[in-house]
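J.: fold the following, please.
(one chain, ligands or ions: 2)
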Amino acid sequence: MQHHGIKPSVQRIAILNYLLTNHTHPTADEIYAGLSATMPTLSKTTIYNTLKLFSDAGIILNLSLDEKNQRFDGCIQPHAHFICSCCGKIEDFFPEEEIFALPESSGKEIHKVEISYYGICHSCKCR
Ligand SMILES: [Zn+2]
Ligand SMILES: [Zn+2]
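T.: Ligands and ions are numbered 1, 2, ... in the order given. So this is what the prediction gives:
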């Protein structure tokens, strides 16, 4: 965190830890619900500001795969998402890295890649 020029505070560290240990791609509200019990002084505004700070610095990903909510991801390795249209679960998976690259000849600079697969997960399919 420090080498990104971000001053680590107790609340910031808690938010980052939450994202690194919960691979559910939570919304800001879900992070608030998960942390507010143990951190009663934590406000939603702090969470929103911290998430913006972290995603601007590239420490976390800000996902737009959910039309209604912004979701956040503590995994910044290139990866794709599988979204179950039945239970709404978002799973990480790691396809061949080439899929994330444009041909070098295109001369474009990539800042963000989002690859989402939609379908029905294993446990919903077997229900
Ligand atoms: Zn499912
Ligand atoms: Zn992810």
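J.: please count neighbours and contacts with C-alpha atoms only from this point.
T.: Noted.
J.: quick one: residue 72 and residue 61 touch, right?
T.: Yes. Under the criterion of CA atoms under 8 Å, residue 72 lies in contact with residue 61, with a separation of 5.6 Å.
J.: now do the strands in the chain.
T.: 61-63, 71-73, 80-84, 90-93, 116-119 (DSSP state E).
J.: may I see those organised as TSV, with mean neighbour count and distance to residue 108 added?
T.: Compiled in TSV, the strands of the chain are given as follows (neighbours: other CA atoms under 10 Å; distance: least, CA to CA, whole Å):
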stretch	mean neighbour count	distance to residue 108
strand 61-63	21	21
strand 71-73	21	25
strand 80-84	19	21
strand 90-93	16	25
strand 116-119	14	22
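J.: can you put the ones you listed in TSV and add distance to residue 1?
T.: As requested, these are arranged in TSV below (distance: least, CA to CA, whole Å):
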stretch	distance to residue 1
strand 61-63	14
strand 71-73	16
strand 80-84	24
strand 90-93	23
strand 116-119	28
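J.: quick one: these as a markdown table, columns for mean pLDDT too.
T.: Below are these laid out as a markdown table (pLDDT from 0 to 100):
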| stretch | mean pLDDT |
| --- | --- |
| strand 61-63 | 94 |
| strand 71-73 | 96 |
| strand 80-84 | 95 |
| strand 90-93 | 94 |
| strand 116-119 | 94 |
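J.: could I get the ones you listed in a markdown table, plus columns for distance to ligand 1?
T.: Written out in a markdown table, the entries for the strands of the chain read as follows (distance: least, CA to the ion, whole Å):
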| stretch | distance to ligand 1 |
| --- | --- |
| strand 61-63 | 19 |
| strand 71-73 | 18 |
| strand 80-84 | 5 |
| strand 90-93 | 9 |
| strand 116-119 | 8 |
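J.: alright, I will stop here.
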